[in-house]
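Novice: Mind folding the following:
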Amino acid sequence: MKKEFSIEIISEKISPQKLRELADESYERLIKFVADIERGVIAAGGEMHADAEALLLADGSEQEDLWGANFYLFEKDPQKKVEFISLINIRPREGNRKMEIESPEIREKVQILAEKLLFSSNESID
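Specialist: Residues are numbered from 1 along each chain as shown. Have a look, this model is predicted:
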């Protein structure tokens, strides 16, 4: 039987304990997330970015505003905590032909949103 993973839409800063719970449920050291760079929310958790993307679309997000990334809980370098890679990022019509977010502006928006809702550089999750 396939295990179901929780995905939560986050609009306010979550606690390090909640981050750890989401990670423990799936990949232990990382959390997959999808950022809605217009609405300023993140869907975090789950097994695949596409699941979080579907949750946000059902919640009223627009496809072109959704970008997938991974959050590494125990990475010490704040610049390496977010990895901008997901299958949902492949969008040739929007100029993104790779799994990695190619636009520096979009990457910056995703990074800022992750720092606002998931972690801040002065926090420890250990």
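Novice: Tell me who's in contact with residue 67.
Specialist: For residue 67, the contact set (C-beta atoms under 8 Å, 6 or more residues apart in numbering) comprises 34-35, 37, 84, 86, 88-89, 101, 106, 110. All C-beta spots, glycine's among them, are computed from the backbone N, C-alpha and C.
Novice: Name whatever forms a beta bridge with it.
Specialist: residue 35 (DSSP bridges).
Novice: Doesn't residue 107 belong to a helix?
Specialist: Yes. Applying DSSP: H, G, I helix; E, B strand; the rest coil, one finds residue 107 inside a helix.
Novice: nearest residue to it other than its sequence neighbours?
Specialist: Spatial nearest neighbour of residue 107, chain neighbours left out: residue 101 (4.9 Å); criterion: C-beta to C-beta, 6 or more residues apart in numbering.
Novice: Double-check the one you found against residue 69; I have them as touching.
Specialist: Yes. In this structure, residue 101 is within contact of residue 69 by C-beta atoms under 8 Å, at 7.3 Å.
Novice: Overlap of the contact sets of these two?
Specialist: Listed as contacting both residue 101 and residue 69 by C-beta under 8 Å, 6+ apart are 84-85, 110.
Novice: Name the member of those with the most neighbours.
Specialist: residue 110 (24 neighbours; other C-beta atoms under 10 Å).
Novice: correct me, but it touches residue 34?
Specialist: No. At 9.4 Å, residue 110 does not count as touching residue 34 under the criterion of C-beta under 8 Å.
Novice: joint contacts of those two?
Specialist: With C-beta under 8 Å, 6+ apart, residue 110 and residue 34 have common neighbours 67, 69.
Novice: Check the gap between the residue most central in space within the chain and residue 89 for me.
Specialist: Against the mean C-alpha coordinate of the chain, by C-alpha atoms, centre = their mean, the closest residue is residue 33 at 2.2 Å. The spacing between residue 33 and residue 89, counted by C-beta to C-beta, to the nearest Å, is 12 Å.
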